[in-house]
Structures are given as C-alpha cells and as structure tokens.
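Peer 1: sequence first, predicted model second:
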Amino acid sequence: MSTERPAPTSWTGIARQLGPGLIISAIIVGSGELIVTPKLGAAHGFTLLWFIVVGCVLKVFVQVELGRHALAKGVTTLEAMDGIPGPRLVVSWLVWLWLAMYVALVFQVAGMVGGLADIFSIAGAPIPPGWLAVLVGAVTAILLVIGRYRFIEGFSTALVALFTLSTVVAVALLQSTPFAVNSAQVIDGFRFRVPDSFNTAFAAFGIIGVGASELVYYPYWCLEKGYGRSVGPNDGSPEWQARARGWLRVMGVDAWVSFALYTTATLAFYVLGAAILHAKGLVVEDRRMIETLSHMYQGTFGEWSLWIFLAGAFAVLFSTVFGATASNARLFADALTVFKIKQYPTAEHRARMVRFACILLPTAFTTVYLVFGAPVSLVFVGALAQGLMLPFLAGAALHFRFRQTEPALRPGRLWTAALFLSALSMAAAGLYQVVGQVSALVR
C-alpha cells in the first residue's frame with residue numbers, strides 16, 4: 001500500500017505533521033543543557049551568552065541539508081557519508097571518523113547514567129550508585145526491547161517540557177533574588193570574546209542545540225517517522241518533485257520550531273549557571289555534580305525545590321539515555337551493513353539486530369560508568385568528540401548541496417550562504433580547539 005501523499009499547505013496541517021525535530025528536541029535537552037551549559041556559565045559568567053546563541057543557530061542549516069538529502073535520496077546518514085569522496089578502507093574516511101565519535105558517545109551516555117545514579121542517591125535510595133547504574137541500564141534495555149518507545153517518548157517529552165518550563169520560570173524569578181540579571185550583564189554577554197581556556201566552551205559547542213550525534217540521527221527519524229515515506233522514491237516525475245518540495249517545507253518548519261525550543265532551554269540553563277553558580281563560586285565537577293546543579297533551582301525557588309530539580313533532572317537525563325540508545329541502536333545495525341559485516345535479508349532481520357543493540361549498548365555504557373565513574377568527565381569525552389565531528393558533517397552537507405541535490409530541490413542563495421557560514425564557523429571552532437590543545441602540549 002502506497003504511503004506517498006502531498007504535504008499539508010495550511011499552518012494547522014503543517015503543525016500536525018511535525019515530528020522528527022520535536023523528537024530531537026526531547027533528546028537534546030539533555031546532558032548538554034543540564035550539565036555542560038551550566039558548567040560553562042559557572043566558569044565564565046555571562047561573557048559567553050553570544051556563544052550559546054550562535055552555537056544553536058549555526059547547526060540548523062546543516063541539519064536541514066542532511067534531512068533534505070535523506071528525503072531526496074531515501075538513504076540513511078551512514079550510507080550518504082560512505083559516498084563522500086576521498087580515501088577508503090572498506091568504508092569512507094568520514095565513516096571512520098563517525099565511528100570514533102560513536103565510541104565516544106558510549107562514554108557520554110555513561111556519564112548521564114552516573115548522573116541518574118547520583119539523583120537516586122540524593123533522593124535517599126538505599127542502594128550503592130553502581131547498582132543504581134546497573135538498574136538504569138537494565139530498565140533502558142528492557143523498555144526498548146519490548147517496544148515501549150512511543151509511551152516513554154511521549155511521557156518523557158511531557159516531563160522534559162515541564163522541567164524546561166520550570167527552568168524558564170526560574171530565570172524569570174531571578175529578578176526577585178540577590179542573583180538578579182541586569183542589562184549590563186546581558187550586553188556584556190553579547191560582546192564577541194573567546195575564553196583563554198576553550199575546552200568547556202568547545203565541549204558545549206559540540207552538544208548544545210543540535211549536536212553532531214543528533215545531526216546524524218535526524219535523517220533516520222525523518223525517514224522512519226513519515227517524511228521519507230510520504231515523499232516516496234524518486235521517479236523523476238513532476239508529482240514527486242512537488243511532494244518533495246512540500247515535505248521539505250514541513251521539515252524546515254519542524255527544524256526551526258525545535259530550534260526555538262532547545263535554544264530557549266539552553267539559554268535558561270546557561271543564565272542560571274552564570275547568575276547563580278558563577279556568583280557563588282561553584283564548579284560543576286564529578287563529585288556532587290547533581291547537588292551543585294540543584295543550586296540553580298534552590299537559588300530561585302528556595303530549598304524546597306530540590307525535589308522538583310531532581311525529578312526534572314531525572315526526566316531530562318533518562319529521556320536522553322533512552323532516546324540516544326534507540327537512535328544508536330539503529331546506527332549500529334546500519335553500520336554493520338555499511339562496513340559489510342552483516343546483511344539483512346528482510347526488515348525483520350534488521351529489527352532483530354536493532355533489538356540486540358538495545359541490549360548491547362546499555363551493557364556497554366553501564367560498564368564504562370562502573371569502570372571510570374566521573375560523570376562530568378565522561379560527558380566531556382562525548383562532547384569533545386562531537387565538536388570535532390561537526391566541521392566534517394558540515395562539509396558533507398555542502399557536498400550534498402552542490403553535488404547530489406537535484407536542481408528542483410536546491411535551496412536559494414541566502415540559505416546556501418548561511419550553510420557556508422555555518423561550515424566555516426564550525427571549522428574555525430574545531431581548528432581553534434586543536435591549535436589550543438597542541439600549544440598546551442608544546443608548553
């Protein structure tokens with residue numbers, strides 16, 4: 001039965017079809033916003049407010065371009081990356097870079113599991129943190145294997161939305177506390193300055209907004225959640241082109257709506273970190289990570305709000321662990337094909353591999369946490385890897401735009417210029433980080 005259908009033209013119809021971007025919003029209001037962003041604010045105050053906004057907006061252009069390629073070609077992100085010109089060893093050089101980032105993401109998720117264990121410990125759970133981490137991994141695997149994704153997706157999205165809203169309210173309530181934000185601080189935050197130590201800022205750049213991992217996930221959700229099926233295979237007909245253009249418009253709205261949501265959340269967490277944690281001289285470190293972050297709520301709502309913060313932090317971290325595991329399981333199954341290790345005779349065979357990965361990945365990230373502990377450091381491993389991957393994904397997006405997108409679906413000059421600017425900015429940030437690290441080693 002055909003699933004091809006024209007895109008809605010009214011705003012109401014478009015709103016009903018939004019999906020992948022909102023899924024990404026639920027996933028990415030996670031470790032970047034809850035841990036790395038407040039840590040950046042705590043370390044630098046308001047001076048990097050501009051960096052947060054720029055870090056969020058730049059990636060939207062790359063996100064949409066990768067989604068455009070997926071809809072037009074009907075291929076997954078890894079398959080598209082494998083077609084990038086350059087050296088090959090079984091697969092493209094870009095896929096090997098992605099694999100390095102993929103391994104680093106196991107460490108990042110392990111850090112979030114550590115954060116969840118801390119939450120339960122602070123709440124008074126009479127269980128050692130290690131066993132709590134095992135419990136989180138086991139529950140994640142069981143829920144994904146038995147197919148409870150839709151329920152958890154909807155439930156966790158609602159909780160994350162409430163926590164995000166309460167965080168925005170906390171920012172508003174700052175004005176009635178000793179940590180009130182003044183116009184001078186905001187103006188100072190939008191003066192272009194780069195800190196001497198760029199590590200935390202670069203880690204934040206890698207995962208705030210749409211991180212490198214979400215840029216890879218996004219086309220999968222576009223294909224799986226309906227856009228790709230609605231467009232259908234490219235038969236070269238005018239009808240197909242009309243459908244594709246229509247659904248690309250829906251995808252564009254989807255991306256910008258999700259941008260508004262996660263940028264608001266990111267700014268709220270940054271402002272709380274800059275206004276409260278920085279003023280108190282608190283540093284977000286491996287020890288007492290959740291307890292330190294909870295000061296953002298207790299400094300505005302009062303000490304009673306600790307429980308609200310713990311519940312919200314749990315929702316954010318667990319939804320991120322859950323969503324990232326579901327996405328990474330699909331990537332795992334796809335990677336086996338791209339690396340020519342495994343072929344799937346039917347869709348059911350591929351689904352079995354995805355379910356297997358839903359057990360393997362929680363086992364891996366739970367083990368990493370048990371071995372290393374240090375949740376903040378583990379999150380930073382993944383964040384830095386994502387930051388280094390961003391310029392290459394932007395380069396791939398440019399390649400798709402000029403070499404593989406048919407003329408009827410190409411964006412206009414203004415969009416293309418913004419895509420170029422995004423790619424150059426990501427490359428500059430990556431180069432700055434690499435040069436800084438090399439200089440530190442030389443010294």
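Peer 2: Perfect, thanks for sending it. Computed from a predicted model, the values in this text were never measured in an experiment.
Peer 1: quick one: the strands in the chain?
Peer 2: Here the chain has its strands, by DSSP state E, at 88-89, 91-92.
Peer 1: need these in JSON lines with distance to I290, mean pLDDT and mean neighbour count, can you?
Peer 2: Where you see a C-beta, it was placed from the backbone N, CA and C, and this is true even at glycine. Listed next are the strands of the chain as JSON lines, based on distance: least, CB to CB, whole Å; pLDDT from 0 to 100; neighbours: other CB atoms under 10 Å:
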{"stretch": "strand 88-89", "distance to I290": "42", "mean pLDDT": "94", "mean neighbour count": "10"}
{"stretch": "strand 91-92", "distance to I290": "39", "mean pLDDT": "96", "mean neighbour count": "20"}
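Peer 1: would you reformat those strands as JSON lines and include distance to G55?
Peer 2: What follows is those, written out as JSON lines (distance: least, CB to CB, whole Å):
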{"stretch": "strand 88-89", "distance to G55": "32"}
{"stretch": "strand 91-92", "distance to G55": "27"}
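Peer 1: and of those, who's closest to L409?
Peer 2: Smallest distance to L409 across these (CB to CB): 23.3 Å, for strand 91-92.
Peer 1: show me what the closest one packs onto, helices and strands only.
Peer 2: Strand 91-92 is packed against helix 77-82, with contacts defined by 3 or more CB pairs under 8 Å, 6 or more residues apart in numbering; DSSP states H and E.
Peer 1: any idea of the mean pLDDT in the helix it packs on?
Peer 2: Averaging pLDDT along helix 77-82 gives 91.
Peer 1: just the residues contacting that helix, thanks.
Peer 2: If you take CB atoms under 8 Å, 6 or more residues apart in numbering as the criterion, helix 77-82 is touched by 66, 69-70, 73, 91-92, 94-95, 98, 216-220, 331, 334-335, 338, 396, 400.
Peer 1: longest helix in this structure, by residue count?
Peer 2: Assignment by DSSP state H gives helix 238-272 as the longest helix of the chain.
Peer 1: quick check: mean pLDDT across that one?
Peer 2: Here the average pLDDT along helix 238-272 is 85.
Peer 1: same thing with stretch 184-204?
Peer 2: 86.
Peer 1: flag every buried residue along that stretch.
Peer 2: The neighbour-count check on stretch 184-204 (16 or more other CB atoms under 10 Å) flags Q185, G189, F198, N199, T200, A201, F202, A203, A204 as buried.
Peer 1: which residue packs closest to F372, ignoring adjacent ones?
Peer 2: L378 (6.2 Å; CB to CB, 6 or more residues apart in numbering).
Peer 1: wait, A423
Peer 2: Distance criterion CB to CB, 6+ apart; nearest residue to A423, sequence neighbours excluded, is A394 at 3.7 Å.
Peer 1: equivalent analysis for M251, please.
Peer 2: Leaving aside its sequence neighbours, M251 sits nearest to G67 (CB to CB, 6+ apart; 5.3 Å).
Peer 1: can you give me the neighbour number for that neighbour?
Peer 2: 28 (other CB atoms under 10 Å).
Peer 1: over to E348?
Peer 2: Neighbours around E348, by other CB under 10 Å: 8.
Peer 1: and it, how far from S327?
Peer 2: Distance of E348 to S327, computed by CB to CB, to the nearest Å: 20 Å.
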